[in-house]
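Peer 1: curious how this folds, go ahead:
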Amino acid sequence: MQQPERPPRSDATVVALAVAAIALVMIGVGVASYYAGRDHQSTAASSAASTAAASTPAAVSPEVAVGAHAFVQFACAQCHGDRGAGVVSPYVPALQGRAPGLTVGQLTSTIEHGAGVSNNPTRPFMPIWHGVIAKKQIAALVAYMKAGFPAVQYADPVSVPDNQGDIAAGQALYQRYSCINCHGPNGLGGVPNPQAPDKAIPPLSGPGFRHDFGTDTKIMQVIRTGSVLGRAPIVSMPHWGGIISNADLKALVAYLKTLK
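Peer 2: Purely as a prediction, here's the structure:
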């Protein structure tokens, strides 16, 4: 039997059906985008959390943390490398594989009495820190080394600007290489050195210094060769030859010449 013909749809009906179809598609896209966005946010958050966890140093004891900061403050890192990893000078040993195997007494004695060559100005040597680094700081340094030189947050050398001129760079280097710990802020000196002839570590400012070291060459030379007056308990200045580059020496001299 012949089916009756359906009445043709009106234009309004066609439009309504089209709008409905488009709406369904938009809803589907929106739902898919929502869940895709949630997955992306979850993945991004997970990735960020993993990165943060990987870059955050592990917790250490307060004594080890103090030792890590002292290792930077007293320029140990400038000779022995970041966290004692070495590679700065062939004459300065790496400590990461050596220090943890030494006794507390051996490490303490080396920090207080120095080590290495002291009569060859072309080779760096470890200075005598007796009287400058406090006993508790030395104990913390030893604890840090015995712990294997762990990463400690903010225990980083002072940053040196490379586009602000020699004086600004030299001012930062004065701290980075621990000059400030013996010669004082702005080179004013005054750190006791009771067994030395003048009883104190000399200043790097004032007429006396300018008289003895009146040229850039003389200042650079004394930084390179150091000043060894004897054995502990006399504090000594290390040879920085082979450690401080000529460019950094120039910057240090530029800074020191402003301290008049």
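Peer 1: give me the below-cutoff pLDDT ranges for the stretch 101-250 of the chain.
Peer 2: 116-118, 121, 228-232 (pLDDT under 70).
Peer 1: give me the distance between the two termini of stretch 192-204.
Peer 2: End-to-end distance for stretch 192-204: 15 Å, by CA to CA, to the nearest Å.
Peer 1: so who does residue 115 touch?
Peer 2: 125, 126 (CB atoms under 8 Å, 6 or more residues apart in numbering). All C-beta atoms are positioned from the backbone trio N, CA, C, and that covers glycine.
Peer 1: gap between it and residue 68?
Peer 2: Using CB to CB, to the nearest Å, we find residue 115 at a distance of 21 Å from residue 68.
Peer 1: next: residue 204.
Peer 2: 28 Å.
Peer 1: settle it for me: which of the two has more neighbours?
Peer 2: Using other CB atoms under 10 Å, the more surrounded residue of residue 204 and residue 68 is residue 68, with 28 against 24.
Peer 1: for that one, give me its contacts.
Peer 2: Residue 68 neighbours (CB under 8 Å, 6+ apart): 60, 144, 149, 150, 152, 155.
Peer 1: looking at these, state which has the most neighbours.
Peer 2: Ranking those using other CB under 10 Å puts residue 144 first, with 28 neighbours.
Peer 1: spatially, which residue comes closest to that one, not counting chain neighbours?
Peer 2: Spatial nearest neighbour of residue 144, chain neighbours left out: residue 67 (2.8 Å); criterion: CB to CB, 6 or more residues apart in numbering.
Peer 1: so which of the contacts of residue 68 belong to helices?
Peer 2: When DSSP state H defines the helices, the subset of the contacts of residue 68 inside them is residue 144.
Peer 1: and of the contacts of residue 68, the nearest to residue 96?
Peer 2: Taking CB to CB as the measure, residue 96 lies nearest residue 149 of the contacts of residue 68, at 5.4 Å.
Peer 1: which residues are in contact with the closest one?
Peer 2: 68, 71, 83, 84, 85, 95, 96, 99.
Peer 1: hmm, back to that, closest one of the contacts of residue 68 to residue 122?
Peer 2: Nearest member of the contacts of residue 68 to residue 122, counting by CB to CB, is residue 149, at 28.1 Å.
Peer 1: neighbours of the residue nearest to residue 144, how many?
Peer 2: Residue 67, neighbours per other CB under 10 Å, totals 27.
Peer 1: residue 166 now?
Peer 2: Using other CB under 10 Å: residue 166 sits among 17 other residues.
Peer 1: for residue 198, same thing?
Peer 2: 10.
Peer 1: OK, contacts around the one residue sitting closest to the centre of the chain?
Peer 2: Residue closest to the mean C-alpha point of the chain, counted by CA atoms, centre = their mean, is residue 156 at 2.1 Å. Remark: with contacts taken as CB under 8 Å, 6+ apart, residue 156 is in contact with residue 72.
Peer 1: now do it against residue 207, distance only.
Peer 2: Applying CB to CB to residue 156 and residue 207 gives a distance of 37 Å.
Peer 1: and stretch 199-217, what's buried?
Peer 2: Neighbour-count burial for stretch 199-217 flags 200, 201, 202, 203, 204, 205, 209, 213 (criterion: 16 or more other CB atoms under 10 Å).
Peer 1: nearest to residue 173 among those?
Peer 2: Nearest member of the buried residues of stretch 199-217 to residue 173, counting by CB to CB, is residue 204, at 12.9 Å.
Peer 1: hang on, isn't that closest one packed against residue 191?
Peer 2: No: counting by CB atoms under 8 Å, residue 204 does not reach residue 191; the two are 11.6 Å apart.
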